[in-house]
Every structure is written in structure tokens, then in C-alpha cells.
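> How does the following fold in three dimensions:
(one chain, ligands or ions: 1)
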Amino acid sequence: MDCIFCRIVQGEIPCKEVYRDEHVLAFKDIHPKAPVHTLVVPRKHIPDANGLAGVDPVLAARLLSALAKVAEIEGVAEKGYRVILNCGPEGGQEVGHLHFHVLGGRPMGPMVCR
Ligand code: AMP
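Numbers count the residues shown, from 1 in each chain. Predicted structure coming up:
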């Protein structure tokens with residue numbers, strides 16, 4: 001298994017866990033870009049956002065629900081936060097296991113920088 005996030009899900013690589021349930025794991029990004037930077041991943045291996053088209057929509061809903069839970073746990077739900085989902089090379093995806101970035105704890109600025 002060469003997927004780093006699968007290995008984190010399996011407990012083979014340590015992480016700073018923020019939230020877990022039967023289908024989802026959330027943990028701190030190892031190179032945070034904001035005071036709050038947490039990754040939300042499905043426990044099942046899905047390579048990228050395109051893979052969501054072929055999965056049970058209930059899993060997609062569970063992931064979205066987990067984003068809100070993570071924001072609450074991280075204390076940014078009220079002030080606000082940003083969710084980023086990079087997909088593919090031009091989307092800036094580096095790890096080939098679907099993940100959402102939850103970023104907050106400061107004003108996040110413009111949505112996209114040139
Ligand atoms: P992306 O560019 O959207 O694929 O984002 C991948 C993210 O995974 C980056 O923000 C990395 O800092 C993060 N990352 C890579 N390895 C680890 C790890 N072992 N634990 C936590 N975060 C990681």
C-alpha cells in the first residue's frame with residue numbers, strides 16, 4: 001500500500017487526529033498554511049474528486065458533514081473558514097487520496113492568487 005493517507009487511516013503512519021468516525025478521518029496537515037489546517041479524508045481509498053461520481057452519495061454527504069464537525073472542533077465555525085479540494089495536476093493535488101483542506105484561524109484572503 002503506497003498511499004500515504006491510506007497508511008495514516010490504517011494507523012501505520014502517525015497523525016494528529018482531529019475527528020474520526022466509521023467512514024471519515026480528519027487530521028492536522030503536516031505543513032499548515034494557516035493556524036487551523038486540517039485534512040478530511042474518506043477512510044476508503046478514493047483517488048480524487050472525480051472518484052466521487054462513482055461512490056455512494058451517502059459517503060459524499062458524510063464527508064461534507066465531517067467538514068462542519070471539524071470546523072466546530074477547531075473553533076472556526078462561527079468566524080469562518082475555507083474548504084479546498086484540489087483535484088489533479090492543474091488543481092494542485094499532490095496526494096492521490098481524496099482530501100478536503102479546512103483552513104482558518106485568520107482571514108483567508110482572496111480565493112485564488114495569480
Ligand atoms: P494536496 O496538494 O491538495 O494534495 O495536499 C496534500 C497535503 O497533504 C499537503 O498540504 C501536505 O502538507 C499534506 N500532507 C502530506 N503528508 C502528510 C502527512 N504525513 N500528514 C499530514 N499531512 C500531510
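> Can you name the residues that contact Lys79?
Lys79 sits next to Gly104 when contact means Cβ atoms under 8 Å, 6 or more residues apart in numbering. Where C-beta positions appear, they are placed from N, C-alpha and C, glycine not excepted.
> Which strand runs longest in the chain?
In the chain, with assignment by DSSP state E, the single longest strand is strand 36-42.
> For the top helix by length along the chain, name the packing helices and strands.
In the chain, ranked by residue count with DSSP state H as the criterion, the top helix is helix 57-74. Judged by 3 or more Cβ pairs under 8 Å, 6 or more residues apart in numbering; DSSP states H and E, the packing partners of helix 57-74 are strand 17-20, strand 24-28, strand 36-42, strand 81-84, strand 100-104.
> tell me which strands and helices the third one is in contact with?
So that's strand 36-42. helix 4-9, strand 24-28, helix 57-74, strand 100-104.
> near the ligand, which residues of the protein?
Within the chain, the residues that sit near the ligand (Cβ under 6 Å from any ligand atom) are 4, 13, 15, 29-31, 39, 86, 92-95.
> ok, back up a step: check which residues of the longest helix of the chain are buried.
Judged by neighbour count using 16 or more other Cβ atoms under 10 Å, the buried positions of helix 57-74 are 59-60, 63, 66-67, 69-71, 73-74.
> what's the angle from it to strand 100-104?
With axes from the mean of the first three to the mean of the last three Cα atoms, to 10 degrees defining the directions, helix 57-74 sits at 20 degrees from strand 100-104.
> Would you mind writing the CA trace of helix 57-74 as CSV?
Extracted in CSV, the C-alpha atoms of helix 57-74 (Å, rounded to 0.1, in the frame of the first residue of the first chain):
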residue,chain,number,x,y,z
PRO,A,57,-23.6,9.6,-2.4
VAL,A,58,-24.1,8.9,1.3
LEU,A,59,-20.3,8.9,1.7
ALA,A,60,-20.1,12.3,-0.1
ALA,A,61,-22.7,13.6,2.4
ARG,A,62,-20.7,12.1,5.3
LEU,A,63,-17.6,13.9,4.1
LEU,A,64,-19.4,17.2,3.9
SER,A,65,-20.9,16.7,7.3
ALA,A,66,-17.4,16.0,8.7
LEU,A,67,-16.2,19.3,7.4
ALA,A,68,-18.7,21.1,9.6
LYS,A,69,-17.8,18.9,12.5
VAL,A,70,-14.1,19.7,12.1
ALA,A,71,-14.8,23.4,11.8
GLU,A,72,-16.7,23.2,15.1
ILE,A,73,-14.0,21.2,16.8
GLU,A,74,-11.3,23.5,15.6
